[in-house]
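S.K.: Have a look at this fold, sequence not included:
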């Protein structure tokens, strides 16, 4: 049985969840008190003792931190090498990336390799301490810098590794660079709103099995929003001609694994063929543009704000003058419905099927909107993301947030219709 469908260790998950949220809360408090500082010196901890983990770490680093030595940001990345790697010649050709990942190991000239005997000194001077192996946590004297510790051990807990890695590059940007990307996103968002101005209806397309019924409907003249791996379904894209593609998942979309690589390739194809925009979390724009600069006129980074799930006034349908959404763990409630509701009065939903009680994954997906043959590469690259996810809890929270979001929209005069049947109560009540 693969890691995504194996039985859950609920007790372990609860303990690690408390540790994770406690650590995040501490980091947020420090950030509020002293401001979020730009990261310029990154140290991985502990020292690496053999070639396989070295290759894995470097491949991830070179995807998540596409930084060259001559760049003005002057970010320094330091790795400690144990005695077993003393004779390694610093030759990237000696390193073989894991089978689940695309190769990003090219030049490593900008990586600073040090002996393990001086690694503790490097850690004490770091702006960010990336713990790649939680069995070798930093020494106690450095824990006064706990707010600078980011765990990137793929076997640690849930999405900790993937979330910490994918936001790292954005933290190396200067304030001027952040401002430039914010302005770019606003320009592109305004371009999207101009393009769909006058659309009285919008349709959001989920990836559930009922997505296959979409060809039975006519979506011409409306604002059509697709998400995630729907980009592989060219028949559907030809039928609906989407104006917006949204995605936000740390392991399926912003990873060096082969699933994520193929997904991004299809994103580029869809944007080129349909001249649509793509919308991602604000902190992922820098990473995407570093690898795909051709997205500059098409990418929108949407800011998110933390809100209370049950408080409806925390939701927001973003405009250029009020540019943010309420944070959420599902793409439908995070981006799709808020953006669609910002444009149209009638919002149609298709492909959001929910799950039956006896299912052992998030929910079922249409095979036309999933790279099934590459799923194992996601499991292999990010095991804890699936191992520590209690799908029933995730689903219950999603249903509550979706209910509150739709009721908030209806209080503003919006109308929501589910074009297909769904196990999600708030959608089934609105099924036509």
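M.R.: In hand now; what should we look at? Everything numeric in this text was worked out from a predicted model, so none of it was measured. Numbers count the residues shown, from 1 in each chain.

S.K.: For residue 255, which non-adjacent residue is closest in space?
M.R.: Using CB to CB, 6 or more residues apart in numbering and skipping the chain neighbours, the partner closest in space to residue 255 is residue 381 (6.1 Å). Heads up, the C-betas are built off the backbone N, CA and C, glycines and all.

S.K.: Name the residues of the helix or strand harbouring residue 401 that are buried.
M.R.: Secondary structure assigned from DSSP states H and E places residue 401 in helix 391-411. Neighbour counts over helix 391-411 (16 or more other CB atoms under 10 Å) mark 391, 395, 398, 399, 401, 402, 403, 404, 405, 406, 408, 409 as buried.

S.K.: With stretch 94-110 instead?
M.R.: Under the neighbour-count criterion of 16+ other CB under 10 Å, stretch 94-110 has 95, 97, 98, 100, 101, 102, 104, 105, 108, 110 buried.

S.K.: Which one of these is nearest to residue 421?
M.R.: Using CB to CB, residue 100 is the member of these that lies nearest residue 421, at 35.9 Å.

S.K.: Contact partners for that closest one?
M.R.: Applying CB atoms under 8 Å, 6 or more residues apart in numbering, we find residue 100 in contact with 257, 258, 376, 377, 378, 380, 381.

S.K.: Those in strands, which ones?
M.R.: Among these, DSSP state E puts none in strands.

S.K.: Which single one of the buried residues of stretch 94-110 is nearest to residue 30?
M.R.: Of all those, residue 30 sits closest to residue 110, with 28.4 Å by CB to CB.

S.K.: Surely that closest one and residue 77 touch.
M.R.: Yes: at 7.0 Å, residue 110 counts as touching residue 77 under the criterion of CB atoms under 8 Å.

S.K.: now the helices for the stretch 301-432 of the chain?
M.R.: Counting by DSSP state H, counting those that start in this stretch, the stretch 301-432 of the chain has helices at residues 331, 337-343, 375-381, 383-387, 391-411, 425-428.

S.K.: got the buried residues of helix 391-411 as TSV, with pLDDT and distance to residue 119 columns?
M.R.: Below are the buried residues of helix 391-411 laid out as TSV (pLDDT from 0 to 100; distance: CB to CB, whole Å):
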residue	pLDDT	distance to residue 119
391	72	39
395	84	43
398	89	42
399	90	47
401	93	43
402	94	47
403	94	50
404	94	48
405	95	47
406	96	52
408	95	50
409	96	52
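
S.K.: Make TSV out of these and add distance to residue 176.
M.R.: Conversion of the buried residues of helix 391-411 to TSV gives the following (distance: CB to CB, whole Å):
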residue	distance to residue 176
391	42
395	42
398	38
399	42
401	35
402	38
403	42
404	38
405	35
406	40
408	36
409	37
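
S.K.: how about the nearest residue to residue 147, chain neighbours excluded?
M.R.: residue 30 is the one closest to residue 147 (CB to CB, 6+ apart), at 4.1 Å.

S.K.: for the protein, which spans come out with low pLDDT?
M.R.: Applying pLDDT under 70 to the chain flags the ranges 1-2, 4, 68-73, 136-144, 309-310, 359-365.

S.K.: how does it look with 80?
M.R.: Applying pLDDT under 80 to the chain flags residues 1-6, 35, 67-74, 136-144, 307-313, 355-369, 390-392.

S.K.: Pop the domain breakdown of it in here.
M.R.: Domain assignment for the chain, taken from automatic domain parsing, gives 37-153, 175-428.

S.K.: Select, out of those, the one closest to residue 10.
M.R.: Closest among the domains of the chain, using CB to CB: domain 175-428, at 7.0 Å.

S.K.: okay, how far is it across that closest one, tip to tip?
M.R.: Criterion CA to CA, to the nearest Å; first-to-last residue distance in domain 175-428 is 46 Å.

S.K.: Also stretch 417-432?
M.R.: 7 Å.

S.K.: if we look at the helix or strand hosting residue 176, which residues are touching it?
M.R.: According to DSSP H and E, residue 176 maps onto helix 175-195. Contact partners of helix 175-195, identified using CB under 8 Å, 6+ apart, comprise 38, 170, 173, 243-244, 277, 279, 282, 285-286, 289, 296-302, 318-320, 323, 342-343.
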